[in-house]
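Student: just a sequence and a predicted model for now, questions to come.
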Amino acid sequence: MELAIKKLSLSIQGTLILKNVSLEVEKGEFLSLLGPSGCGKSTLLKAISGILPQDSGEVWLAGEEISSKPPHRRGTVVVFQDMRLFPHLSAAENVAFPLKMRGVSKKERLERAGELLEQVQLAGFQSRAVSTLSGGQQQRVALARALAAQPRLLLLDEPFSSLDEDLREDMRALVLSLHRRYRMTTVLVTHDQQEALAMSDHVALMFGGEIVQHGTPEAVYRRPVSRLAADYFGGCFYLSGEVWGGRFTSPCLTCPAELPDGPCSLMLRGRDVDVSVPGPLALTLEGCRFRGADVLAKFHTGDGTAVEVSLREPLSCQPGCRIDCHVDLSRAVFYPAGEGGRP
Amino acid sequence: MKRLLTTLLALAMALSLAACGGGNGGGPAGNSLDLSSAAWEDIVEEARGTTVTFYGWGGDENRNNWLNGDVAEYVKERYDITLDVVGMNIEDILAKLSSEKEAAAQGSIDMIWINGENFYSAKENGLLYGPFTHQLPNMDKYIDPEDPETLADFSMPIEGYEAPYAKAQMVLYLDTAVTPNAPASAGELMTFCQENPGKVTYPALPDFTGSAFIRNIVYELCGWEQFQDMEADYDTVKAAVQPAIDYLVELNPYLWNQGSTFPESSNTVDTMFADGELVMSMSYGPFSVSTGIDQGLYTETTQTFVFDKGTIGNTNYMGIAFNSPNKAGAMVVIDAILSAELQLSQYATLRELPVVDFDRLSAGEQEAFGQVDLGQGVLTQEDLLRHRLPEMPAKLVPVIEEIWLNEVVGK
Amino acid sequence: MRRSIVPRLILALTAACIVIPAALLAVWSFTARWPWPNLLPERYTPRTVSELLFGSAKLSRLLGSSIALAAAVAVLGTAIAVLTARAEALYRFRGKELIRLGSWLPLLIPGTVFAIGFHMVLLRLGLADTVAGVLLVHLVAALPYCITIMADVTRAVGFGLEEQAAVLGTGPFRAFFYAALPSLLPGVLSSMSMAFTLSYSQYFTTLIVGGGRVKTLALVLVPYIQGGDRALASVYAAAFTGSALAVFGIFEWIIYKVQRGGT
C-alpha cells in the first residue's frame, strides 16, 4: 500500500485528539475521511503531512517511515479549506511556486503553470491577481498549485465547504477527472456524506478520534458497524426484539437471523420499505409532506417507532390508516444487545 | 537540543559585542612621559601627530567655526595635532567625568571649557588634571601673573589647574531709537523701568547671566570689597545684601510680568529683546551687540552700556580632564590658544576680550590688536576694562541665588 | 443626505497643524529679525543657510553618519522584532510573560535614568564613547515599538501561508521569506520608520553614551535650540526633517520594489 498509518496518537495541549489510529490507503486510490465536526479528521491530515507532531505511532508512505521528516520533505501536499493562495503573487505565479522552490527556470515554470491552469479550466487567468478571483476560481488555482508540486500523496482538507452547492458539484467532477488523469493517491477530508460516498474508492468513517469503519461506500452505508455509524448516515429506524433459535422476533416483524440468542435490534432504512407492495410490516400513517422532489410520508409502527419513507406521490389514504408494507430484509442490519456490535 | 543551541548563540553574541567595542579614536592610551617633570620640547614631541578633544558648550556657531577653523589649522600646521571639538553642556561634561571616575574607566575628554562654580566643584572632586599651567611657555610670556583673574576663578584659587581662555564682562544694551537714554546706575535703572513698565526683566536665577546681573546690583548698592572674603552663611550674606533685596522688591512691579515670574534663560530675554517685547537686554559677551547687528539680529541703533561704577567681569578658562588620554596634546593646544596670534584672531573674529596682558605684547602685536574693528554699538576695550569689577567668591553665588528665590521673586 | 462637512473640517485642521509650523520653520530659517507684531520678518539673511552648508560642522559627513546609524538601528531593530514576534506567536515557553514585560521596560523607565544606567554598564564593557555602544542604546530604546508593531502584524498574517509553502516542498527559511514576509512588509516598513525616527532624533542617549565622540545631526541641532539662535536652529531643524523624510521615501520605494518583485 502507498499510505499506511499505524497506531497514531496525537494530543493537543493535553487533550487526546487522535486515539491509536490505523489506516491503509492503496496506491492511486481515492479515500474519503468522513466524520462529524471535531472528530479529528483534519488533525489526522495534519499529522500525515507533518504539520502537527504525533505523540506515538508511525506513518509509512511508499515504503518509508516519514514521521521524522519535516513537512517539506514528505511529498504530501495539502489543499486547505481556506485555499491559502499567496496574495502577493498572480495566479500563474502561485501555481508556479512549487516549481520555483525546486529551481525550475522562470520560463519553464510559468509555461507549466499555464498548462495546469488550463486543466483546471482557468485558461487565460495567468496574470490575474488572486484577490480578484471568485471562491471557486481560487480553489481551482489552489488545486493546480498542489498538482504542480507533484505530490506522492494529495491531501484535501474540506476544500469545497466554503463554496456554493452548485459549484461544489463542478469542483467534485474536476477533482475526480484530475484524479483519473494523474492517478495520484488522494485523501479527501469531508463532513459531506454524499460527497464521500459519491467520489471515493473507499471511505473511512471517523468518530471521536478513532476510525470506526473502513470500506467501500456501499459497505459503509449498507452495513454500518454500529448504531452510531448508522445514525450518522441517517434515515434509519430500529425494531427492538429478540433472537431465539435462529429467528428474530419483534412486535412488528419476524425474520430469520443467524445470530446467538439474546436481545437484538434490527435496523432498516426508509428506502427499504415499499408501501405499494403488501408485506409483514404494519405501519400507521401520520401524514404526508410535499418536499419538491419527493413527498415525505411519516409513519409509526405498532410499538411507536417512527418510520419515514420517501414517496413520489402522496398517499391516497388518510392519516391514521394502516398499511402493511413490504420490507427488503436483505438490507436489514442486526445490532445484538442494544448498542454497537458487528452485524 | 534547540534550547542548547539558542543559549550558545546568545552567549556568543553577547561576547562578540563586548569584544568589538572599546576603540576610542585618536590619542595615545596614556602618555609614557612623566608630564610634571618633562621639558616642553619633549611634551611637544609626545603630542605630535595625535588628536586632542576639546569639550565645551556648542551653542555658539561662531566660536565653533573659529575653533574648527583658525585654531585647528594653527595646531595642525605647527604641531600636527588634530583638534576635535565636541559640543556638550558643562553639567553633562562633569557628569560624564564623574561616571568615568566611579567606574575607573578610560576617558575621552582632553580639554574642557570651564569656569566659576563648575571649576570649583570639578577641582574639589578631583575631576581635573593639574597643576600644568606653569609648564606652558605662553603662560609665562603673555599672561600677567599678578592679575587676580589669573590666580583665582570666582575667588577660588586656580593653582595651575586651568589656563585663561577669554575674558568676559557683563554688559547691558538697548535700542537708542526706542529708548535714547541709557541708565548709568541702579537709581537711574529704577527710573528707566518706571518709564517703560513691563518692558524690562532679567533671566531667572540660577541662569549665569541673571545671577551676574543680581550681583551687579548688589555691588552697586552694597559695594564689592566686603564680599571678597565673606562667610558663605545665609544670614550673614542676607544682612549684607539687604539694600539690594529692598531695591529689587521695589523694582518688581515695573518689570515684565510684574516680577512674579522671570524668563528662564538669557537666551529667552535676548530673543524677547530682539522681538521688541523688552527694551533692554544683557549679556556676558561684551561685544555681542556688534555681532548681532552684523547678523541683522539687532537694529543698527542698538547700543551697549555699563553702570558708572562698573560691571562684573570674569575669565573663561581651559582645563584638562583627570583621565584625559592625551594630556600632553591638551597642554600644547592650550598653550597655542594663549599665543598672541590666536588671541588676536579670537579678538578679531569672535569679538571676545583677549586674556593676554597688553604690556607684554610686542609693538607689532599691540598695533595689530589696536587695528581690530569691533563693529557698531559697542564700547572700547579700554572703556570696558576701566569699568570692570571682580567676581564674588564662588561659594557665595548659590547663597545669593537662594536669597533671591526666597526674598525677591513674586514679592 | 448631504455629506457632512465635519470630517473635512477635521482633516483641514489636522493638515494645518502640520503645515503651519513647517511653513514657520521655513520662514524662520532665513530670518534675521522678526519683531512682534509684524506679519513677516523685518529682515532676512542667508547667513544660516551658508552656515548650514559650509560651516565647520560638515553637514554632509554629519548627515551620512546620522543616517547610517539610524538606518542600522532600523534594520537591526526590525529584524529582532520580526523574530521576537514570531517566537511570541508561535511558541509556548516559560517566562513568556516576563519577556513581554521586559520588552516594554525601556518605555517605562524615564529617559535620563535609562541613559545614565546604560552608560554605566557600557563603561564596564568598554563600549562607552563608541558607535557600537550608541547603536546598542538606540536599539534598546527602539525595540519596544518595533516589537509591538511586528507582533500585531505577525499575529494578523498568521502562519497559514508558511504551512502551505511547507507542504508544497519549501524549507522553513524559504517558506518564511517567500510566503510570509511579503505579507509582513507593511509592518516591516512601519517598524523601520519608527526605529529610524527614534534613533535619528535621540539626543540625550547619544550624548551620554557616545560621550560626544559619536556625532549625529541631533547632537549639533539641540545646542543651537538651547542657545537661542532661532534662525540657525530652524535651518538645522529643516535639514533634519527633510533628510528624515527623504529616507522614509527611500524605505517606501524599496519595500514597494520588493513587493512588486514577486516571483
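Tutor: Now that the structure is in, tell me what you want to look at.
Student: my read: residue B:219 touches residue B:389, true?
Tutor: Yes. At 5.7 Å, residue B:219 and residue B:389 qualify as touching, with contact defined as C-beta atoms under 8 Å. Where C-beta positions appear, they are placed from N, C-alpha and C, glycine not excepted.
Student: overlap of the contact sets of these two?
Tutor: Common contacts of residue B:219 and residue B:389 (C-beta atoms under 8 Å, 6 or more residues apart in numbering or on different chains): B:309, B:310, B:312.
Student: need those in a markdown table (columns: secondary structure and distance to chain C).
Tutor: A markdown table is the format used below for the shared contacts of residue B:219 and residue B:389 (DSSP: H, G, I helix; E, B strand; the rest coil; distance: C-beta to the nearest C-beta, whole Å):
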| residue | secondary structure | distance to chain C |
| --- | --- | --- |
| B:309 | coil | 29 |
| B:310 | coil | 27 |
| B:312 | strand | 21 |
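Student: who wins for neighbours among the residues you listed?
Tutor: Within these, most neighbours by other C-beta atoms under 10 Å in any protein chain shown means residue B:312, with 22 neighbours.
Student: who does that one form a beta bridge with?
Tutor: residue B:389 (DSSP bridges).
Student: tell me the secondary structure for residue A:213?
Tutor: strand (DSSP: H, G, I helix; E, B strand; the rest coil).
Student: gap between it and residue A:219?
Tutor: Going from residue A:213 to residue A:219 by C-beta to C-beta, to the nearest Å gives 8 Å.
Student: give me the neighbour count for residue B:217.
Tutor: Residues near residue B:217, counting by other C-beta under 10 Å: 21.
Student: run a quick neighbour tally on residue B:84.
Tutor: 22.
Student: what does residue A:182 give?
Tutor: Around residue A:182 there are 15 residues (other C-beta under 10 Å).
Student: got the contact list for it?
Tutor: residue A:147.
Student: gap between it and residue A:104?
Tutor: For residue A:182, the distance to residue A:104 - C-beta to C-beta - is 18 Å.
Student: want to throw the shared contacts of residue B:219 and residue B:389 into CSV with distance to residue C:238?
Tutor: Putting these into CSV (distance: C-beta to C-beta, whole Å) gives the following:
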residue, distance to residue C:238
B:309, 46
B:310, 43
B:312, 38
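Student: got the residues of the stretch 151-300 of chain A near chain B?
Tutor: With C-beta under 8 Å from any C-beta of the partner chain as the criterion, the stretch 151-300 of chain A does not come near chain B at any residue.
Student: err, the stretch 101-250 of chain C, not the other one
Tutor: C:116, C:119-120, C:122-130, C:132-133, C:136, C:207-208, C:211-213, C:215, C:219-220, C:223-224, C:226-230, C:232.
Student: narrow these to those that are buried.
Tutor: Buried subset of these (neighbour count, 16 or more other C-beta atoms under 10 Å in any protein chain shown): C:116, C:119, C:122-123, C:125-130, C:132-133, C:136, C:207-208, C:211-213, C:215, C:219-220, C:223-224, C:227-230, C:232.
Student: can you narrow those to ones near chain A?
Tutor: Filtered for proximity to chain A (C-beta under 8 Å from any C-beta), these leave an empty set.
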